[in-house]
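> Give me a 3D structure for the following:
(chains A, B and C)
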Amino acid sequence: MNELARIVEALLFLSPDPLPVEALAEACECSEGEVVEALARLREHYAEGYRGVVLREVAGGFTLATDPVAEHAARRLLARPRTPPLTQAQAECLAIVAYLQPVSRPEIARIRGVASDSAVATLLERGIIEESGRSQFGAVLYRTTPLFQKLFGLTGLDQLPELARFDPSPEDEKEIRERLLKAGEQRAQG
Amino acid sequence: MNELARIVEALLFLSPDPLPVEALAEACECSEGEVVEALARLREHYAEGYRGVVLREVAGGFTLATDPVAEHAARRLLARPRTPPLTQAQAECLAIVAYLQPVSRPEIARIRGVASDSAVATLLERGIIEESGRSQFGAVLYRTTPLFQKLFGLTGLDQLPELARFDPSPEDEKEIRERLLKAGEQRAQG
Amino acid sequence: MRAATMDLDLEVFQGPFDLLLTLVLKEEVDLLEVDLAEIVLAYIDHLERSGQLDLEATTEFLVLIAALLELKSRLMLPREDDDAALDWEPEEAAEELLARMLEYRRFRRAADFLAESLAGEEGFRYRNAPLPPELRKASLDVAEASYDAERLGRAIGGLLRVPPPLNLSHVARPHVTLEQRLLHLRGLLKSRGRFSFDDAVGDADRVTQAVTLFALLELYKAGEADWEQDAPFAPITIQGRTP
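This is a model prediction of the structure:
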């Protein structure tokens, strides 16, 4: 494989979208003819049936894609809900959503005392929480999903552990939301 | 390339994160030994200097990455550098987190002698560090992420050089001590 | 000129010294980011330019800057060791400072190492493409109970716990707040309309006097009050601003 073919391979590898010959030529600062030639070399390398990745020409250009031979394993690896242990930040955000839903992101941040965008984003991406309309101030609200219940072995939200068991000062009669916000303010100052 | 090697190649191509041998073996429903063998075959295929893509071992797993030969063209195509370099403040905060993790923001500020909020926020935003529980005083603690290992080319945190390697030389120490003493004398005279 | 009105041009702040103090007390400027040495230098500059030593103003400046220094040094000390740190002899403090500087030096070199590692990795790029659509959705059928719901209960319990207050008993904290002094001045404005600063502070301690001055500046800024002083050290007269 010559250097141009190597570079074209790398660009196809990186790009999420199919790349037209012109775009490849421009990035490689060479002629379109040279790109076509490099693609022909790559095609030999990626002949179907020999590799796990194949070179495809689709509408709009060239792209690399996995060979169907890997589909079963890919499904096992990637379509399974990802369940790495929750970080403390994720557990706190999820607990807030689970017990207070629907709840907005600014409210989560106020209770935790720190911005919580990345933890919330991870929970969303994993499908454990989802958007649920907007608050009267226009902030997106979140709630838990059916996948959440399945991953936590719950048949319904009423099966969440009794709060009283984890409440350090249960004699405090104020509403839970209010108390969480108050403790959060204190934490943010600490 | 046998079928298992093809499947492993496809999984490495698809997965956004480096894959440990165990995860590959589970997805492929085969033994870890077979995966190691398949990886060895792939490694021949992806031997550095021959292809546009290379097989790398980072962050506790295997992953495919482009060869630096394509960097110039990749920058033109994607119109952005791979990772912007760190500022001095960010690099210092990251070093403190990498070696002392989990570590709190006040602790980072204490070592650096200045508040480090914006540097820490940038590292968080870029996903290089993440929250890791809370200290006994309720302060959020930070640790490095797998992305940190990936971006810095480390197979694991144990690959960080011993901190003692960065001890100031005896001459440095002497110089700092003398500077301190001199400042003290000036104060006493002034 | 009083120290309070000295104009500062610092990295994190531009404006009069008193406004900086107000902002620090209101925690709108992070004291850790303020270079106190620069303030001292600016004051010395100011003294040299004016060519006269105003003892009263200089005392005021020293009191304020000393308070800031103490507050800042406490912010930089590990909180758990506050009590021990108080008893340090000068030599011990110097040793501690040396240890700190060496520690920082060590991490600065580690930072250089990391920056180099990052630069060395520059040419390797990882693929960052979305999964093909058929793999994107985690399917509910294959989901298994993998987490313990107790974890969520514990997390909520932890968030309900109000953290123990920091022990700051030995820090000479002002017992008077800006809000209290604002209230006090507004009360006087309402009841008397015009009064002297001395009347407003009575024989209160220095910190109260200083905070009262900040409060006055706040009122001035907000357009609620004006004040006059005929000559340096002359009494300050405060009166409500008529809208």
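
> those strands in the chain, which residues are they?
Unless you meant another one, I'm taking chain A. For chain A, applying DSSP state E gives strands covering A:53-58, A:61-66, A:103-104, A:129-134, A:140-144.

> nope, chain C
So, for chain C - with DSSP E - the strands run C:7-9, C:14-16, C:194-196, C:225-229, C:236-240.

> which other helices and strands contact the first one?
Packed against strand C:7-9, as judged by 3 or more CB pairs under 8 Å, 6 or more residues apart in numbering or on different chains; DSSP states H and E, are the following elements: strand C:14-16, helix C:17-25, helix C:36-50. For every residue, glycine as well, the C-beta is placed using N, CA and C.

> Ok, which of these comes nearest chain A?
Among the helices and strands packed on strand C:7-9, the nearest to chain A by CB to the nearest CB is helix C:17-25 (14.0 Å).

> Give me the mean pLDDT for that closest one.
Throughout helix C:17-25, pLDDT has a mean value of 71.

> What are the structural domain limits within chain C?
Following automatic domain parsing, chain C resolves into domains at C:3-121, C:178-240.

> mind putting those domains in a markdown table, mean neighbour count and distance to residue B:87 included?
Listed next are the domains of chain C as a markdown table, based on neighbours: other CB atoms under 10 Å in any protein chain shown; distance: least, CB to CB, whole Å:
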| stretch | mean neighbour count | distance to residue B:87 |
| --- | --- | --- |
| domain C:3-121 | 15 | 9 |
| domain C:178-240 | 15 | 35 |
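
> Could you tell me the least trusted of those?
Among the domains of chain C, domain C:3-121 scores lowest, at a mean of 74.

> closest to residue A:41 out of the domains of chain C?
domain C:3-121 (27.9 Å; CB to CB).

> distance between that closest one and the chain's centre?
Here the centre of domain C:3-121 is set off from its chain's centre by 10 Å, with CA atoms, centre = their mean, to the nearest Å.

> nearest to residue C:177, of the strands of chain C?
Across those, residue C:177 has its closest neighbour in strand C:225-229 (18.5 Å, CB to CB).

> now the residue sitting furthest away from the middle of chain A: how far from chain B?
Computed with CA atoms, centre = their mean, the residue of chain A farthest from its C-alpha average is residue A:171, at 40.1 Å. Relative to chain B, residue A:171 is positioned 22 Å away (criterion: CB to the nearest CB, to the nearest Å).

> what do you get for residue A:79?
11 Å.

> Leaving out chain neighbours, which residue sits closest to that residue?
Nearest residue to residue A:79 in three dimensions, chain neighbours excluded: residue C:135, at 5.0 Å (CB to CB, 6 or more residues apart in numbering or on different chains).

> Could you do residue A:81 as well?
residue C:138 (4.0 Å).

> Now do the same contact list for the one you found.
A:79, A:80, A:81, A:82, A:126, A:127, A:147 (CB atoms under 8 Å, 6 or more residues apart in numbering or on different chains).

> count of neighbours near the nearest residue to residue A:161 once chain neighbours are set aside?
The spatial neighbour of residue A:161 that comes closest, neighbours along the chain excluded (CB to CB, 6+ apart), is residue C:153 at 3.6 Å. Residue C:153: 21 surrounding residues under other CB atoms under 10 Å in any protein chain shown.

> Could you double-check that residue C:153 lies in contact with residue A:164?
No: counting by CB atoms under 8 Å, residue A:164 is not a contact partner of residue C:153; they are 9.6 Å apart.

> and the residue nearest the centre of chain A, how far is that from chain C?
Most central in chain A under CA atoms, centre = their mean is residue A:125, positioned 3.4 Å from the mean C-alpha point. Distance of residue A:125 to chain C, given as CB to the nearest CB: 10 Å.

> remind me, longest helix of chain C?
Scanning chain C for the helix with the most residues, using DSSP state H, yields helix C:90-120.

> and that one, what does it pack onto?
Helix C:90-120 is packed against helix B:88-100, helix B:105-112, helix B:170-189, with contacts defined by 3+ CB pairs under 8 Å, 6+ apart.

> Could you identify which of these is most buried?
helix B:88-100 (a mean of 23; mean count of other CB atoms under 10 Å in any protein chain shown).

> Low-confidence ranges, chain A, go.
Counting by pLDDT under 70, chain A contains low-confidence residues at A:188-190.

> wait, residue A:43 sits on residue A:55?
Yes: using CB under 8 Å, residue A:43 is in contact with residue A:55, at 5.5 Å.

> hmm, back to that, adding distance to chain B as columns, could you present the helices and strands packed on strand C:7-9 in JSON lines?
Below are those laid out as JSON lines (distance: least, CB to the nearest CB, whole Å):
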{"stretch": "strand C:14-16", "distance to chain B": "18"}
{"stretch": "helix C:17-25", "distance to chain B": "13"}
{"stretch": "helix C:36-50", "distance to chain B": "11"}
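
> Looking at those, which is nearest to residue C:204?
Comparing the helices and strands packed on strand C:7-9 by CB to CB, helix C:17-25 comes nearest, at 16.5 Å.

> re the thing from before, since we're on the residue nearest to residue A:79, how many residues are nearby?
With other CB under 10 Å as criterion, residue C:135 counts 17.

> Quick check: it touching residue A:80?
No: counting by CB under 8 Å, residue C:135 does not reach residue A:80; the two are 10.0 Å apart.

> I'd like the helices and strands packed on helix C:90-120 laid out as JSON lines, including distance to residue A:24.
Output for those, formatted as JSON lines (distance: least, CB to CB, whole Å):
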{"stretch": "helix B:88-100", "distance to residue A:24": "35"}
{"stretch": "helix B:105-112", "distance to residue A:24": "45"}
{"stretch": "helix B:170-189", "distance to residue A:24": "51"}
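
> Ok, which of those helices comes nearest chain C?
Short answer: helix B:88-100, nearest of the helices and strands packed on helix C:90-120 by CB to the nearest CB, at 3.8 Å.

> Can I get the closest one in PDB, CA atoms only?
The C-alpha coordinates for helix B:88-100 follow below in PDB (Å, rounded to 0.1, in the frame of the first residue of the first chain):
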ATOM      1  CA  GLN B  88       0.000  25.100  31.800                       C
ATOM      2  CA  ALA B  89      -2.800  25.400  34.400                       C
ATOM      3  CA  GLN B  90      -4.700  22.500  32.900                       C
ATOM      4  CA  ALA B  91      -1.600  20.300  32.700                       C
ATOM      5  CA  GLU B  92      -0.800  21.000  36.300                       C
ATOM      6  CA  CYS B  93      -4.300  20.200  37.500                       C
ATOM      7  CA  LEU B  94      -4.300  17.000  35.400                       C
ATOM      8  CA  ALA B  95      -1.000  15.900  36.900                       C
ATOM      9  CA  ILE B  96      -2.300  16.400  40.400                       C
ATOM     10  CA  VAL B  97      -5.500  14.500  39.600                       C
ATOM     11  CA  ALA B  98      -3.500  11.700  37.800                       C
ATOM     12  CA  TYR B  99      -1.200  11.100  40.700                       C
ATOM     13  CA  LEU B 100      -3.300  11.800  43.800                       C
END
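
> which other residues reach that helix?
Residues contacting helix B:88-100 (CB under 8 Å, 6+ apart): B:86, B:103, B:107-108, B:111-112, B:116, B:118-120, B:122-123, B:128-129, B:142-144, B:148, B:157, B:160, B:163, C:107-108, C:110-115.

> let's see 7 Å
For helix B:88-100, contacts defined as CB atoms under 7 Å, 6 or more residues apart in numbering or on different chains pick out B:86, B:103, B:108, B:111-112, B:116, B:119-120, B:122-123, B:128-129, B:142-144, B:160, B:163, C:107-108, C:110-111, C:114-115.

> which ones are touching residue A:66?
So residue A:66 contacts A:52, A:53, A:74, B:10, B:13, B:14 (CB under 7 Å, 6+ apart).

> overlap in contacts of residue A:43 and residue A:55?
By CB under 7 Å, 6+ apart, no residue touches both residue A:43 and residue A:55.

> okay, those two: which has more neighbours?
Neighbour totals were compared for residue A:43 and residue A:55, and residue A:55 leads with 20 against 14 (other CB under 10 Å).

> Just to check, the more buried one is in contact with residue A:40?
No: using CB atoms under 7 Å, residue A:55 is not in contact with residue A:40; the gap is 10.2 Å.
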